[in-house]
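Trainee: prediction below, plus the sequence it came from.
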Amino acid sequence: MVRGTFQMMKSVNKSTILNKIRQSGPISRAEIAKVTGITPPTVSSIVKELMDEKLVVESNLGESQGGRKPTMLLLNRNEHYVVGVDAGSDSIKACVSDLVGNILVRSELPIKSHTIENFLAVLIQAIQLVIKDMGIEGNKVIGIGIAMHGVVDVATGTSLYSANSGLRNVHIKEVLEDTFDLQVRVENNSRAMALGEYWFGDYGTLKSFTVINIGRGVGSGMIESGKLRYGAQEIAGEIGHMTISLDGEKCSCGNQGCFETFVTGDAIVRRAKIKIPDAPEELTGEKVYEYALEGKKEYQKILEETGVLIGIGIVNLIHSLNPEKIVLGGGVMKSHKFLMPSIIATIQQRALTEKARKDNMITLTRVGDDATILGAAALLLTKLF
Ligand SMILES: [Zn+2]
């Protein structure tokens, strides 16, 4: 495999045309010229380049409008692929996706010990498995995108710190580029999830978009005008560590009363055990949801209270960023049936203006469990498109 076999000279017009074909294909050259305002001769010459690069193919699905049927253009699904990886603290999931986000093969391997050596060995093995399963030639793979839990230095592709696994300074990009000779991009998992949701969730064009991931921790990814926000010290979106209560429980970050000490799966279990006298010792977040589904009122109440707490965190986010759309995902949101009504009621009670209270900017993930892994793959696609 040779790094950089896939290279594309990107221009604004080329990017506009490629994106138009991605979003609206099958589409004719004439229609592209009409909607983008690029002249027909320029469209034709750029489409020829895209076809030479095997990114675009012709199909004959055009509607005849009296004359000759126009030739329609589509993204080529069989020539270029990306590897996406969701590197969690318990397991590593890898996939190969085509250019439009169809997952073709998957692998998942458990992480049994939290050492850098073991983490990297499992990561490499998960990627090798999907590339081998696909039976694709290396030069058809554009690159590898990694969604890593914890704080990531995007420029160097280094995992700086993960509270959940205790790993520090893992040089993911460097090691994988040496191993696979492909370009590698590494991103924090909540930001990758936001990108996956935005890229594949069919939201159209939104100026500001936030995805909140509530699971073992709480993170968020923010997109402004199509681009991820990082902030000056690259910690924008760490809403799990907003202080909600000055004398609250101690958080993994060392502070007290952080948002995530109230709403993660573990937090829900802790609160259930305090409030429900006969709660079983081996209670889990999934069990709380199961009992609630079975109609056990005391467990439903725990989830409704959790919804209020999530709503309070979201109101803080609305008051600081006021995004057009807030998407909720992650393991805890599987209980959305019990959480969502109190999340929405809390926003309606607490948001500052009538308009903010009424406009429903909250929605559940549309991409679902694959948002993070597809977002990892999209780290490479954003470079291409
Ligand atoms: Zn914290």
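Mentor: Arrived safely, thanks for sending.
Trainee: and the pLDDT at the residue nearest the centre of the chain?
Mentor: The residue lying closest to the centre of the chain (CA atoms, centre = their mean) is M193, at 1.3 Å. We note a pLDDT of 96 for M193 in this prediction.
Trainee: so who does it touch?
Mentor: By CB atoms under 8 Å, 6 or more residues apart in numbering, the residues touching M193 are 147, 211, 213, 221, 329, 371-372, 375. For glycine as for every other residue, the C-beta is placed from the backbone atoms N, C-alpha and C.
Trainee: dump those residues to JSON lines, plus secondary structure, pLDDT and distance to the ion.
Mentor: Converted to JSON lines, the contacts of M193 look like this (DSSP: H, G, I helix; E, B strand; the rest coil; pLDDT from 0 to 100; distance: CB to the ion, whole Å):
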{"residue": "A147", "secondary structure": "strand", "pLDDT": "97", "distance to the ion": "21"}
{"residue": "V211", "secondary structure": "strand", "pLDDT": "97", "distance to the ion": "19"}
{"residue": "N213", "secondary structure": "strand", "pLDDT": "94", "distance to the ion": "15"}
{"residue": "G221", "secondary structure": "strand", "pLDDT": "96", "distance to the ion": "18"}
{"residue": "G329", "secondary structure": "strand", "pLDDT": "96", "distance to the ion": "20"}
{"residue": "A371", "secondary structure": "helix", "pLDDT": "95", "distance to the ion": "23"}
{"residue": "T372", "secondary structure": "helix", "pLDDT": "96", "distance to the ion": "21"}
{"residue": "G375", "secondary structure": "helix", "pLDDT": "96", "distance to the ion": "23"}
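Trainee: spell out which residues of the stretch 251-385 of the chain are next to the ion.
Mentor: When proximity is defined as CB under 5 Å from the ion, the stretch 251-385 of the chain approaches the ion at 251, 253, 255, 258.
Trainee: coming back round to it: host element of the residue nearest to the centre of the chain?
Mentor: Using DSSP states H and E, the element containing M193 is helix 189-200.
Trainee: now do the residue lying closest to T39 once chain neighbours are set aside, the pLDDT please.
Mentor: Counting by CB to CB, 6 or more residues apart in numbering, T39 lies nearest to A33, which is 6.6 Å off, once chain neighbours are set aside. Listed pLDDT for A33 reads 94.
Trainee: just checking, A33 touches P40?
Mentor: Yes: if you go by CB atoms under 8 Å, A33 and P40 touch, sitting 4.5 Å apart.
Trainee: what residue spans form the domains of the chain?
Mentor: Domain assignment for the chain by automatic domain parsing gives 12-75, 81-195+371-384, 204-365.
Trainee: out of those, deepest packed?
Mentor: The highest mean neighbour count among these belongs to domain 81-195+371-384 (a mean of 20), with neighbours defined as mean count of other CB atoms under 10 Å.
Trainee: relative to the whole chain's centre, how far out is that domain?
Mentor: Domain 81-195+371-384 has its C-alpha centroid displaced from the chain centroid by 13 Å (CA atoms, centre = their mean, to the nearest Å).
Trainee: and the end-to-end length of that domain?
Mentor: Its start and end residues considered, domain 81-195+371-384 measures 12 Å (CA to CA, to the nearest Å).
Trainee: and whichever residue of the stretch 101-250 of the chain sits closest to the ion, what does it touch?
Mentor: Of the stretch 101-250 of the chain, the residue with the smallest distance to the ion, taken as CB to the ion, is H241 at 3.6 Å. If you count contacts by CB under 8 Å, 6+ apart, H241 has them with 251, 253, 255, 258-260.
Trainee: out of the residues you listed, which sit inside helices?
Mentor: E260 (DSSP state H).
Trainee: including pLDDT, could the contacts of H241 go into a markdown table?
Mentor: As requested, these are exported to a markdown table (pLDDT from 0 to 100):
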| residue | pLDDT |
| --- | --- |
| C251 | 93 |
| C253 | 86 |
| N255 | 95 |
| C258 | 97 |
| F259 | 97 |
| E260 | 95 |
